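[1] Have a look at this prediction, sequence included:
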Amino acid sequence: MVDYRVDNQFAVLEINNPPVNALSSDVTIGLYDGILKALQDDSVQAVIIIGKGKVFCAGADITAFSKPIKGLGITDVGHAIESSSKPVISAVYGVALGGGLEIALFCHYRISDKKAKFGFPEVQLGLLPGAEGTIRLPRLTGLPVAMEIITSGRQLGAQEAVKYGIVDKIVENDLLQEAKTFATSIIGKPLDSLRLRTKKVKNADLVDKYYDDALKEVKRKYKGLIAPVSCLKTIRGSAKLPYDAAAQLERSLFTELITSSQSAALRYSFFAERSAAKWRLPNGASSANTKPGTVGSAAVIGAGTMGSGIAVCLLRAGIPVTLVEQNEKLLKAAQTNIDQIFRGSVQLGKMTLEKRQECLRMLQGTAQLEKVKDVDIVIEAIFENLKLKQEVFAKLDKICKPTAFLCSNTSTLDIDKIASATSRPDKVAGTHFFAPAHIMRLVENVYGSKTSPETVATVMELGRKIGKVSVLSKTCDGFIANRMNKIGVEAVYLVEEGASPYDIDQIMEDFGMSMGVFKVLDLSGLDVGWRIRQEQAKALGVNLTAETKYLNAERYCSLPDKLYELGRNGIKTGRGWYRYDPANPRKPIPDLDVLDIIQTHCQNLGIKRREITAQEVIERCLYATINEGFKILEENVAEKPSDIDVIWQYGFAFPRYRGGPMFYASQVGLRKVFERICYYHATFPYSKHWLPSDLLRKLASSTDEIPINQWMNNWSSKL
Ligand SMILES: CC/C=C\CC(=O)SCCNC(=O)CCNC(=O)[C@H](O)C(C)(C)COP(=O)(O)OP(=O)(O)OC[C@H]1O[C@@H](n2cnc3c(N)ncnc32)[C@H](O)[C@@H]1OP(=O)(O)O
């Protein structure tokens, strides 16, 4: 785990724990033993710590946090390094993160490759840098910079690390050779002043002011998160307390965090996201045994908001795009829109001017579908109508080369039905982007009964290439994301029963959702839902009215229709569930008129309103969603519960520190969730989504409450 060798006067300790040299107990033991050996070897004048492979060290082994602690801690190794009488130099390539950076900070010198990155990402795992990082970094960078770096978890480039004294020298050539040259230049120099423990924290007397300012910022930026606040407390300790007392404070706050539900959820989320890329189909094909096809060029059909956003994603990743619209006027509008997005990125410093020009050069607009004949992949993003899509796919099938993949950006429609319009159903898949497509990181890739493993591998890999988090779903109505989302439905029923939309939004935002559902509805426009409901009613031969209480044997609430019919179409008309001041249209303002409309609606329908608690709001909105999640698992629509949670985090901004609805259910307790679902099913028999899932019933009837890692790993065996 740590290769030790002596090379002339240098002991080289090479961390060798692929893939990212995480600090497992074998690594810490290896480092500790290596330092002792080097100290005992008279021929050794200096010690170099370096990483084997593509990184120096990605920090503590995250998988070990939920297991009992064994072996030596990072601080034990760190103290041995710092107190060494021979100089210890860390040579950083790739990344030095978390515990990896802490090891580097225990060293007397740090040199780095120019592309190396440094940081304390622990907050993203609900933790703090618990191996004295919060006490040592301020001694190098000063308090405000340390507070910003540690609470944000961001990565610093080598130049910035030099600026703050984290790195002593950036080197250009072979890192180990440069480390030896550097070591030669410092052998024999005194080490005392290089031991961070002995350094004073600059401007320690101003720490309370720095703390107050940083706390305000942290509460605004990282609402609901505990770890950044704990980080600030220990950094304050670094200035107010003697070194060892500060270290003790850090340890105690670290212990609190590591046992917190937030950290459990965030660590789970780290692995959930990575595991979404490791897909497996029911026939055994998987990411491990399937090669993706080549995507060197793409076409996007339909250049509306979604199509343009998708084109932006492809172009940014260096994939030339043929953009197809019905006429030149629409094409021109789309091209202007796309360029505006690129200009915005340039203004924000996220894109260079040259990159913008390169992207624009790779974009070709056309009104002729035939122009897509040579592309490797087509993504259709036209109006959500099955017949229309089938027509387009039938044409594409004739025009495109036989190897081309044909994808649809549908958010609900059956991929099998779309594929049936072609002679190549194996090459048809869904690529469901979330709006705005150039910003939202999720792509829900959908396979049908005939989609080939190669096509699945191709769309999953394409998602990765364009910087998205790709999650795989089997085709069904609404796929994982839209099928499962019952928050809007239940929220409207709750309003009808007595809650205010503004209270519901506040409760869900306090829970951690970034935006309440009524604000979301106003943002997307009330016309969207109104049209879907009208279509449904038309298909059933029903005429919807203000008095409609049931549709297709399901509870129906006509309030949203009423608002739409009153011209309250959301932000675009200045009024929806909220009202909007034209001077500040992004700020929703609660509207008494809406409360009157609700009151009148209930009076007309003879609905007796009642008090509704925050707990009921959360249960009704989330448990209905969770119940559907279990049905999605039962039907193999999602391969694993963590895929569902990744979709919720990236598609619906579910708070990452709660893991996702499936993880949340597990933390509440599956039995309790099941009991409440049964209660709501008995209370609301006309809402199918309360019909309890069989899988949940089986899991809940198990004698022990099953922790998430067990049922997540074993859930399929319960079917
Ligand atoms: C007392 C406690 C002291 C200190 C606390 C800590 O140090 S907490 C840990 C802090 N470090 C991190 O949070 C780093 C997390 N890792 C990353 O940011 C990225 O993985 C990294 C290192 C930038 C590499 O990114 P890349 O995109 O190249 O690879 P990927 O993320 O897919 O990771 C590859 C596989 O490595 C696993 N992994 C990564 N980091 C760790 C880790 N610290 N511990 C354990 N495992 C880690 C990751 O899950 C991937 O595994 P795979 O099975 O291939 O999916």
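    Thanks, I have the structure now. Numbering: from 1, shown residues only.
[2] Name the residues of the chain found near the ligand, please.
    Residues of the chain found near the ligand (C-beta under 6 Å from any ligand atom) are 19-20, 22, 55, 58-63, 74, 95, 97-99, 121-122, 125, 127, 129-131, 271, 274. Where you see a C-beta, it was placed from the backbone N, CA and C, and this is true even at glycine.
[3] Just the buried residues out of the residues you listed, in PyMOL syntax.
    Typed into PyMOL, the line below selects the buried ones among the residues of the chain next to the ligand, using 16 or more other C-beta atoms under 10 Å:
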select buried, resi 20+22+55+58+59+60+61+62+74+95+97+98+99+121+122+125+127+129+130+131
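[4] Just the residues of the chain next to the ligand: which are in strands?
    Under the assignment DSSP state E, the residues of the chain next to the ligand contribute 95, 97 to strands.
[5] Could you measure from the residue in the stretch 101-250 of the chain positioned nearest to the ligand over to C107?
    Closest residue of the stretch 101-250 of the chain to the ligand, C-beta to the nearest ligand atom: G130 (3.5 Å). G130 sits 18 Å away from C107, going by C-beta to C-beta, to the nearest Å.
[6] hang on, isn't Q124 packed against L266?
    Yes. If you go by C-beta atoms under 8 Å, Q124 and L266 touch, sitting 6.5 Å apart.
[7] Look at these two and report which has more neighbours.
    L266 (25 against 20; other C-beta atoms under 10 Å).
[8] Figure out the helix or strand that that one lives in.
    helix 261-276 (DSSP states H and E).
[9] Could you list the low-pLDDT ranges of this structure?
    By pLDDT under 70, the weakly predicted segments of the chain are 703-719.
[10] which residues are contacting the lengthiest helix in it?
    Determined from DSSP state H, the single longest helix within the chain is helix 328-347. Helix 328-347 is contacted by residues 303-305, 307-309, 311-312, 315, 323, 325, 351-353, 356, 359-360, 363, 365-367, 438 when judged by C-beta atoms under 8 Å, 6 or more residues apart in numbering.
[11] Which single residue of the stretch 601-719 of the chain ends up nearest the ligand?
    Closest point on the stretch 601-719 of the chain to the ligand, by C-beta to the nearest ligand atom, is S642, at 12.0 Å.
[12] Can you tell me the closest non-neighbouring residue to that residue?
    A272 (3.7 Å; C-beta to C-beta, 6 or more residues apart in numbering).
[13] so which helix or strand takes in the nearest residue to E634 once chain neighbours are set aside?
    In this structure, E634 finds its nearest non-sequential neighbour in L695, 4.4 Å apart by C-beta to C-beta, 6+ apart. Counting by DSSP H and E, the element that carries L695 is helix 694-700.
[14] For that helix, enumerate the helices and strands it packs against.
    For helix 694-700, the packing partners by 3 or more C-beta pairs under 8 Å, 6 or more residues apart in numbering; DSSP states H and E come out as helix 624-634, helix 670-683.
[15] Out of these, which one sits most buried?
    Per-stretch averages of neighbours, counted by mean count of other C-beta atoms under 10 Å, single out helix 624-634 among the helices and strands packed on helix 694-700, with a mean of 25.
[16] okay, the angle between it and helix 670-683?
    For helix 624-634 against helix 670-683, the angle by axes from the mean of the first three to the mean of the last three C-alpha atoms, to 10 degrees is 110 degrees.
[17] just use 817 as the starting number from now, easier for me
    With the count now opening at 817, the last piece we talked about shows up as helix 1440-1450.
[18] counting contacts, what elements does helix 1440-1450 pack onto?
    Applying 3+ C-beta pairs under 8 Å, 6+ apart, we find helix 1440-1450 packed against helix 1297-1300, helix 1303-1313, helix 1457-1468, helix 1477-1484, helix 1486-1499, helix 1510-1516.
[19] so which of the ones you listed comes closest to R1426?
    Of all these, helix 1303-1313 sits nearest to R1426, with 6.3 Å by C-beta to C-beta.
[20] for the closest residue to A1183 other than its chain neighbours, phi and psi?
    Excluding the flanking residues, the one nearest A1183 by C-beta to C-beta, 6+ apart is N1143, at 5.5 Å. Backbone geometry at N1143, expressed as degrees, to the nearest 10, gives phi -150, psi 170.
[21] Quick check: N1143 vs R1474, distance?
    47 Å.
[22] Neighbour count: the two, which is higher?
    Applying other C-beta under 10 Å to N1143 and R1474 shows that R1474 carries more neighbours, namely 23 against 8.
[23] residues near E1033, how many?
    Residues near E1033, counting by other C-beta under 10 Å: 16.
[24] Quickly find the element holding it.
    helix 1023-1037.
[25] got it, and R1402?
    Secondary-structure assignment from DSSP H and E places R1402 in strand 1400-1405.
[26] where do the strands sit along the stretch 867-1016 of the chain?
    904-908, 911-913, 925-929, 933-935, 971-973, 985-987 (DSSP state E, counting those that start in this stretch).
[27] Give the closest residue to K1035 in space, chain neighbours not counted.
    V1045 (7.6 Å).
[28] Might you report the residue contacts of the one you found?
    Contacts of V1045 by C-beta under 8 Å, 6+ apart are 1031, 1034-1035.
[29] Buried only: go through those residues for me.
    1031, 1034.
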